[in-house]
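A.B. asks: any chance you could fold what I've pasted below:
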Amino acid sequence: PEVVVLSPVEGFSIPEHELFTISWNHSDNISIFEHLFEYTSDGIIYDSLFQTPYMTQADSTELSVAGVTNTARIRVTVSDHAGNTATDYSDQFTVTDNTPPSVSLLTPSSDTTVNIAEQLTINWESTDNINVEYVDLFYRVGTGGYETIAVNETDDGSFDWVVPNEPTDNFQISVIAYDAVGLSDTSTAGNIEVLITYPKVLSAVPGSSLIDWNINEFQFNLSQKMDESTITADNVQITSSYSSSLTPTITYIDSSSGINISYATSLASLDSITITLSDQITNIYGYSLDGDNDDEGGGDYTIEYNTAMLADYNNDFQLNVDDLAQFMIGLENDDTAYELGPFSGEIPHVFVSLDQQYDIEDVMAFVMMWNWYVTNHGGQFTAL
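C.D. replies: Predicted structure coming up:
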């Protein structure tokens, strides 16, 4: 037999999964028995599409293929009743993307609760036969119009977003994934309840009341995005018995909704410190700090600290041979974890500026603290 494939021809392009026409001419001195149609996407490996004895009088058929390629080709093989065969190939053609992506919104899910001004992480999963190019994110309140969260967002599966001041029990969030040819898929979470809540202090660092004398930084993490203009020295009040001469730097860390208080030097040793966050501090929508955790706006947040005594290595508020032994170990091993100076101020309430050296400053700090302790607390030990 003889066969000549007429189409597809060079330059032909078809979206995947759409029908296109294969046409051919065939002949035999007696009669054609059957046709075998095969397809390749890479020009090397051919897969069978179908084989039939019912097209001996036909010269065309329609079929579709899947997968995106620039090197598609059809191979047609005809055979006669004696088993003789002939084969021909179409020109290479292009199959374009016609498969939409798939996207699934993971969090938040439907029928959940979120709070205004909280930083919400929207998570999704997406797939595509080629690649998801980008996603758009939207929200809607009730039956209202869609509002933009983000457009042309990188498809990395996660987006951090601050929940708007839209109290409702019918909040929707949608994610739309797009591929390179504009095909898309949408996933939506609905019936989300948005509650009015008030910002709270979630954690304080340091968390314990007794802190090292060389601590010079405090951080408070809050539950919501805060109005930075309300985080001022008037609203972040710090009182102490011996460190009040120090001027702290107060900053707001937007990425963690944190209030940071830092000092250029250490606080005074053997000091008491009280930090109060006023309820004049508000979130980005003007809702006051819930400092007393009663789920209502208003109420200051207060935390108290005590700084340790200089040279009291085990923090038992005593200076004895145990502390002397640790100091001597540090001195002999040049271990700066045990250093105590240089210092300024009056014993025992001194400000230490560590210099990463073991020298006379450290020895004098220990001796003076020891003598002060023996003088004021007595005991079985004498002055050094």
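A.B. asks: could you use CA atoms for every contact and neighbour count after this?
C.D. replies: Fine.
A.B. asks: residue 287 is in contact with residue 279, correct?
C.D. replies: No. Counting by CA atoms under 8 Å, no contact exists between residue 279 and residue 287, whose distance comes to 9.4 Å.
A.B. asks: overlap in contacts, these two.
C.D. replies: Here residue 279 and residue 287 have residue 297 as joint contacts, going by CA atoms under 8 Å, 6 or more residues apart in numbering.
A.B. asks: now residue 150. Nearest residue, chain neighbours left out?
C.D. replies: Counting by CA to CA, 6 or more residues apart in numbering, the nearest residue to residue 150 once its immediate chain neighbours are dropped is residue 137, at 5.1 Å.
A.B. asks: how deep is that neighbour tucked in, by neighbour count?
C.D. replies: 22 (other CA atoms under 10 Å).
A.B. asks: distance-wise, check it relative to residue 190.
C.D. replies: From residue 137 across to residue 190, the span is 14 Å (CA to CA, to the nearest Å).
A.B. asks: hang on, residue 370 in a helix?
C.D. replies: Yes. The assignment for residue 370, made by DSSP: H, G, I helix; E, B strand; the rest coil, places it in a helix.
A.B. asks: low-scoring stretches of the stretch 51-200 of the chain, by residue?
C.D. replies: In the predicted model of the stretch 51-200 of the chain, no residue satisfies pLDDT under 70.
A.B. asks: picking up where we left off before, shared neighbours of residue 137 and residue 190, anything?
C.D. replies: With contacts taken as CA under 8 Å, 6+ apart, residue 137 and residue 190 have residue 173 as neighbours in common.
A.B. asks: contacts only, for the residue nearest to residue 150.
C.D. replies: For residue 137, the set of contacting residues under the criterion of CA under 8 Å, 6+ apart consists of 148, 149, 150, 151, 173, 174, 175, 176.
A.B. asks: and the nearest residue to residue 167 once chain neighbours are set aside, helix, strand or coil?
C.D. replies: Here the nearest residue to residue 167 in space, its sequence neighbours aside, is residue 194; by CA to CA, 6+ apart that works out to 4.9 Å. For residue 194, the secondary-structure state derived from three-state DSSP is strand.
A.B. asks: neighbours around residue 194, how many?
C.D. replies: Using other CA under 10 Å, residue 194 is surrounded by 21 other residues.
A.B. asks: for it, give the beta-bridge partners.
C.D. replies: residue 114, residue 168 (DSSP bridges).
A.B. asks: ok, now the one 10 residues further on?
C.D. replies: Residues found in beta-bridge contact with residue 204 (criterion: DSSP bridges) are residue 220.
A.B. asks: okay, it and residue 273: tell me how far apart.
C.D. replies: Spatial separation of residue 204 from residue 273 under the definition CA to CA is 14 Å.
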